[in-house]
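kindly generate the corresponding structure for this input.
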Amino acid sequence: MSDFKNIYEQMKEHGMQLPIEPFRIRIPDAKAVLEDCFSFFLSFENTRFSWQQEYEDVVEWLTDNNGRGLLLYGDCGRGKSILSRYVIPAILLKCEQKVASVYDAPQMNKNIDEVLKKHIISLDDIGTEDVSVNYGNKRLAFAEIIDAAEKQGKLIIISTNLSGAELERQYGKRVMERIISTTKRIEFRGRSLRK
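From the prediction side, this is the model:
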C-alpha cells in the first residue's frame, strides 16, 4: 500500500487523473439546526414547521454524509423543494462555509455549462425538464451533471416527484446507477403538507 502513495504522488506530478476526495458534511446537532432553518424559511409563507419522519434521514445525512450527495424523491408537498432550494444550502453556508448553487430543471437545461462548473449543485424538480437544445445540439443536462458528480466528485442534491422506477425510465439505467453511487436516497411519502 505504501508503494502506491509514492505512485499516487508521481501521478499527481504528471497531471494524471486521480480520484477526487469527496466533500464531507459533518454538522453537530444537525436536528436542531435543521428544525431552526426549516422554521425560518417556512415563516416567509406564514407556515409552521411540522416534523416529518423523512427529516430524520436528512438529519443523518447532515450529521455525516459520507461524501455522498442527496436524492429527495416521492410525493408532492412534503418539503423536498424547500429543503433543496433553501434549507440545505443555508445550512451548508452557515455550518460549512460552502456555497451550493441552486437550479430548477429549466435553469439547469438553459445553463448546463455554468452548472457543470460548480462543485456543490442543488437541482430542484428534476424530471420536469425537456432535452436541452442549443444551436441544434441536443444535450441531456441531468445525465451530464450526474456523470460529472461521479467522475469529478461534485456534491449533488436532487429533489424530484418521480419514483426510483420513473427516474430510471426517464433517464435510463446508467444514470440511475450513477444516482445510486453518488447519493443517499430519501423517499418522501404521505399527504401533502401544503394548505
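
hey, let's count contacts and neighbours off CA atoms from now on
OK.

which stretches in this protein count as strands?
In the chain, the segments counted as strands under DSSP state E are 69-74, 101-104, 120-124, 132-134, 137-139, 155-160, 183-188.

show me the one of those that comes nearest residue 6.
Nearest to residue 6 among the strands of the chain is strand 155-160; the distance by Cα to Cα comes to 28.1 Å.

and the closest residue to residue 22 other than its chain neighbours, how far is that from residue 127?
Counting by Cα to Cα, 6 or more residues apart in numbering, residue 22 lies nearest to residue 67, which is 4.7 Å off, once chain neighbours are set aside. Applying Cα to Cα, to the nearest Å, the value for residue 67 to residue 127 is 24 Å.

residues touching stretch 166-174, excluding its own?
Outside stretch 166-174, the residues that touch it by Cα atoms under 8 Å, 6 or more residues apart in numbering are 127, 143, 175, 176.

and the third one, how far from residue 37?
Remark: distance between residue 175 and residue 37 (Cα to Cα) = 32 Å.

same check on residue 161?
To residue 37, residue 161 is 23 Å away according to Cα to Cα.

tell me which of the two has more neighbours.
Of the pair residue 161 and residue 37, residue 161 is the one with more neighbours under other Cα atoms under 10 Å, namely 23 against 18.

so the more buried one sits against residue 79, correct?
No - using Cα atoms under 8 Å, residue 161 is not in contact with residue 79; the gap is 11.0 Å.

list residues touching both of these two?
Listed as contacting both residue 161 and residue 79 by Cα under 8 Å, 6+ apart is no residue at all.

how near is residue 150 to residue 143?
11 Å.

so these two - more neighbours on which side?
Set side by side, residue 150 and residue 143 show more neighbours around residue 150, with 20 against 17, by other Cα under 10 Å.

so who does the more buried one touch?
Contact partners of residue 150, counting by Cα under 8 Å, 6+ apart, are 178, 181, 182.

and it, what's its pLDDT?
With respect to pLDDT, residue 150 has a value of 91.

got a list of what residue 85 touches?
Contacts of residue 85 (Cα under 8 Å, 6+ apart): 102, 103, 122, 123, 124.

can I get the buried part of those residues as one ChimeraX selection?
To isolate the buried members of the contacts of residue 85 in ChimeraX, using 16 or more other Cα atoms under 10 Å:
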select :102,103,122,123,124
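
would you format the contacts of residue 85 as JSON lines with distance to residue 10 included?
Formatted as JSON lines, the contacts of residue 85 follow (distance: Cα to Cα, whole Å):
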{"residue": "102", "distance to residue 10": "37"}
{"residue": "103", "distance to residue 10": "38"}
{"residue": "122", "distance to residue 10": "35"}
{"residue": "123", "distance to residue 10": "37"}
{"residue": "124", "distance to residue 10": "40"}
